[in-house]
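Colleague: Fold the stuff below for me.
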Amino acid sequence: MSIGDLTHHGKQDEFKQIYNEITSTEANWKHVLGNHDLYSLRKKEVEVLINQPRYQAFTTEEGLFVLLDTTRERRPDDWSGIIDLEQYEWLEKLVHEHTDLPIFVFAHHPLYNTTTRSAEWNGSIVREDAVHQLLTSHKRGGYYFCGHCHVHSIFKQNQWSYIQTAAVYDHPVARLVTIHNGRLDTSLYEIGDDQLLKDAQFIHHNVYKQETPFHTLGRYEDQKRTLSLS
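Modeller: Numbering: from 1, shown residues only. Okay, the predicted model is just below:
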């Protein structure tokens, strides 16, 4: 599961390069769009390149899984998140039809004022977006996975847990998630490939041009934690 910004400029050749690598594996791959993925192309064009709809949902015995598109189309000047009306109405119908199931949401942008840095300028889905109230009103609650803010962070409030993962060039890891008996375990798996680590450091240096103005790793409990809905 990619939680967005799989590309940097959102150009066609970037998508083709990374998807050549992805399709050479047998992974069941899902791609949630990030703001960088939409800097150059229209959403319809990106859907064709990734061979997936920009938002989708499916159910398993664990709950309702929802993949959201929180991006703005070709707006590098505004990297905040938003849910368009068409998608909101689709999501509202899903939430009302599955009141008995917990929801597992995957989106690039966090909800406002949940995880670390999500209350900063352009750091979340805008606070006035109705999606905030829709999700938090779901009585079974759920888990909200996001990226965007470049910091590992886990925050629990009432029936919802918010799980944010840093960018790979900030901290070269993959987040592992296991669901069992109503509990969710999450931890970080370190990428040990020397060349990938070197590439990540190179990208990090060229993106920030200076020291990172925040602590990417967060706290220990932002990296490894067991969560439940109760």
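Colleague: Scan this structure for its longest helix.
Modeller: helix 194-208 (DSSP state H).
Colleague: next one: whatever helix or strand comes next after it to chain centre, how far?
Modeller: Next helix or strand after helix 194-208 toward the C-terminus (DSSP states H and E): strand 225-228. Mean-position distance between strand 225-228 and its chain equals 18 Å (Cα atoms, centre = their mean, to the nearest Å).
Colleague: Next: stretch 161-173.
Modeller: For stretch 161-173, the distance to the chain centre is 9 Å (Cα atoms, centre = their mean).
Colleague: Does Gly138 touch Phe104 like I think?
Modeller: Careful, residue 138 is His and not Gly. No - counting by Cβ atoms under 8 Å, His138 does not reach Phe104; the two are 11.7 Å apart. Yep, even glycine has a C-beta here, placed from its N, CA and C like the rest.
Colleague: tell me which helix or strand of this structure sits lowest on mean pLDDT?
Modeller: Lowest by mean pLDDT, DSSP states H and E among the helices and strands of the chain is helix 194-208, with a mean of 85.
Colleague: just to revisit the earlier point, what does the longest helix of the chain rub up against?
Modeller: Residues from elsewhere that reach helix 194-208 (Cβ atoms under 8 Å, 6 or more residues apart in numbering): Val168, Tyr169, Asp170, Pro172, Ile191, Thr212.
Colleague: Next, Glu45: secondary structure please.
Modeller: With DSSP: H, G, I helix; E, B strand; the rest coil as the basis, Glu45 sits in helix.
Colleague: That one and Asp37: what is the separation?
Modeller: 11 Å (Cβ to Cβ, to the nearest Å).
Colleague: More neighbours: those two, which one.
Modeller: Asp37 (29 against 14; other Cβ atoms under 10 Å).
Colleague: Setting the sequence-adjacent residues aside, check what's closest to that one.
Modeller: Gly10 (4.9 Å; Cβ to Cβ, 6 or more residues apart in numbering).
Colleague: Distance-wise, check the one you found relative to Ile163.
Modeller: 25 Å.
Colleague: hang on, the earlier thing: can I have the buried ones of the contacts of helix 194-208 as a ChimeraX selection?
Modeller: To isolate the buried members of the contacts of helix 194-208 in ChimeraX, using 16 or more other Cβ atoms under 10 Å:
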select :168,169,170,172
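Colleague: Need the worst-confidence member of the contacts of helix 194-208.
Modeller: Of all those, Thr212 has the smallest pLDDT value, namely 65.
Colleague: Reformat the contacts of helix 194-208 as a markdown table; add distance to Gly182 and secondary structure.
Modeller: A markdown table is the format used below for those (distance: Cβ to Cβ, whole Å; DSSP: H, G, I helix; E, B strand; the rest coil):
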| residue | distance to Gly182 | secondary structure |
| --- | --- | --- |
| Val168 | 30 | coil |
| Tyr169 | 35 | coil |
| Asp170 | 32 | coil |
| Pro172 | 32 | coil |
| Ile191 | 30 | coil |
| Thr212 | 36 | coil |
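Colleague: In the contacts of helix 194-208, find the pair that's most separated.
Modeller: Ile191 and Thr212 (18.1 Å; Cβ to Cβ).
Colleague: If anything else comes up later, I'll come back, but that's it for now.
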